[in-house]
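K.L.:
Sequence plus the predicted model coming up.
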Amino acid sequence: MTTDPIADYLTRVRNSVLAGHRVVEVPASNLKKEITKILFDQGFILSYKFEDDNGPQGTIKIALKYDKVTKDPVIKKIQRISKPGLRKYASSSDIPRILNGLGIAIVSTSAGVMTGKQAQAQNVGGEVLCYVY
């Protein structure tokens, strides 16, 4: 068991992208499912599937997305910001803009997990989980 399941999730995705894998399997949780849905909605992954038959918590199968011509991964960098030892919070006006709007910040708010742009539109702040670009 890991002490930081979100960092484990992000590391598995990052390592799979760097290794050029097409699919990555990660243990499921509600927060990981929300992050996966955001990555899919923002176009960073090709598809995902939640499977409940593997163990008590199930797994998430994520199909990674690559450029058709150059074969470069769509996810260039995925970085954990708020850690268990040092939590990072931001108000709605202080949520960072990633790569001048090309990347996303994933924020855990009182209204649920969402991108930084959605949090600013709803005028809610929260814990900045990670940056993806």
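P.N.:
Looks like it arrived, so ask away. Remember, it's a predicted structure, so these values are computed and weren't measured experimentally.
K.L.:
So what's the residue count around Leu31?
P.N.:
For Leu31, the tally of surrounding residues (other Cβ atoms under 10 Å) stands at 14. All C-beta atoms are positioned from the backbone trio N, CA, C, and that covers glycine.
K.L.:
which ones are touching it?
P.N.:
The contact partners of Leu31, by Cβ atoms under 8 Å, 6 or more residues apart in numbering, come to Pro5, Ile6, Ser108, Val113.
K.L.:
Apply the buried test to these and list what passes.
P.N.:
Restricting the contacts of Leu31 to buried positions leaves Ile6, Ser108, Val113, with burial counted as 16 or more other Cβ atoms under 10 Å.
K.L.:
Kindly indicate which of the contacts of Leu31 lies nearest Thr70.
P.N.:
The shortest separation between Thr70 and any of the contacts of Leu31 is 29.7 Å, and it belongs to Ile6 (by Cβ to Cβ).
K.L.:
okay, the nearest residue to Ser29 once chain neighbours are set aside: pLDDT?
P.N.:
Taking Cβ to Cβ, 6 or more residues apart in numbering as the measure, Ser29 lies nearest to Pro5, with 6.2 Å between them; neighbours along the chain are not counted. Turning to Pro5, the model gives it a pLDDT of 95.
K.L.:
Check the gap between Pro5 and Pro73 for me.
P.N.:
For Pro5, the distance to Pro73 equals 23 Å [Cβ to Cβ, to the nearest Å].
K.L.:
which stretches of the chain form strands?
P.N.:
Ranges of strands within the chain are 23-27, 45-51, 59-64, 78-80, 89-90, 104-109, 112-115, 126-132, based on DSSP state E.
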